[in-house]
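S.K.: Structure for the following, please:
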Amino acid sequence: MRVKICGITQPQQATAIASLGATALGFICVPASPRYVTATQIRAAVTQLPDDIDKIGVFANASIEEISQIVKVSGLTCVQLHGDETPDFCHQLRQQIPNVEILKALRVRSFDHLEQASIYSQHVNTLLLDAYHPQQLGGTGKTLDWEMLEKFHPSRPWFLAGGLTPENILEALSQVKPDGIDLSSGVEIQPGDKDLNKVALLFERLKAKG
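M.R.: Numbering: from 1, shown residues only. Coordinates of the predicted model:
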């Protein structure tokens, strides 16, 4: 299972989190976010990371040109679209950056939102389900209705996000069978400053589960 720790802002934390067991690290490319980092800051962090770690840039309603440029400068291997990007936008972006994984985040409020997954699946590599919040795009600490996701079997691999913590991860995984999990605020001291003890505890719990 893929394990993504999102909202990384410090290069030394990126290296530590990768060594603890994360398979993917997320960098927020949304200027309004308290976890925002520039392409140069991302480059400084990813150059120290092993090749087998996915370096994911999180964007929201950015232009295709902006995304392509940041990917080129920073060394990202994956782009996560966390705004109101349409399936057509995803298709166009795919043409522009064919060798980069495209991940579309869906903020789920009801079962109807899950139907969007099949439409997006035609144009992206991976899906991510996050909790809906009227003002915030992510990192809210709110959990999804896991019961609603028990019958969610999209044609693409998917990440479960939204309010996951070392304390509730095993309960979540007992109900839902995602291909990956994504944690941000659940392993933080404050936005952008990760709690390495909580990250270590997360991997202890996952290892105990087997």
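S.K.: Could you pick out the longest helix of the protein?
M.R.: Criterion DSSP state H: the longest helix present in the chain is helix 196-209.
S.K.: For stretch 170-185, give the mean pLDDT please.
M.R.: Across stretch 170-185, pLDDT averages out at 96.
S.K.: how far is it from where the chain is centred?
M.R.: Relative to the centre of its chain, stretch 170-185 is centred 12 Å away, using CA atoms, centre = their mean, to the nearest Å.
S.K.: before we move on, what about stretch 143-162?
M.R.: Put simply, stretch 143-162 sits 14 Å off its chain's centre (CA atoms, centre = their mean).
S.K.: quick one: contacts of that stretch?
M.R.: Applying CB atoms under 8 Å, 6 or more residues apart in numbering, the contact partners of stretch 143-162 are 2, 4, 6, 103, 105, 108, 110-111, 114, 117-118, 121, 124-131, 138, 140, 142, 163-164, 168, 171-172, 175-176, 178-184. No exception for glycine: its C-beta is placed from N, CA and C like everyone else's.
S.K.: Then stretch 100-108?
M.R.: Stretch 100-108 has contacts (CB under 8 Å, 6+ apart) with 54, 56, 58, 71, 76-82, 85, 90, 93-94, 113-114, 116-117, 120, 123-133, 137-138, 144-145, 148, 159, 161.
S.K.: Going through these, which ones are buried?
M.R.: Buried subset of those (neighbour count, 16 or more other CB atoms under 10 Å): 54, 56, 58, 71, 76-82, 85, 90, 93, 114, 117, 120, 123-131, 137-138, 144, 148, 159, 161.
S.K.: Where does pLDDT dip in this protein?
M.R.: Low-confidence segments of the chain (pLDDT under 70): 132-141.
S.K.: re earlier: just the buried ones from the contacts of stretch 143-162?
M.R.: Neighbour-count burial (16+ other CB under 10 Å) applied to the contacts of stretch 143-162 gives 2, 4, 6, 103, 105, 108, 114, 117, 121, 124-131, 138, 140, 163-164, 172, 176, 178, 180-184.
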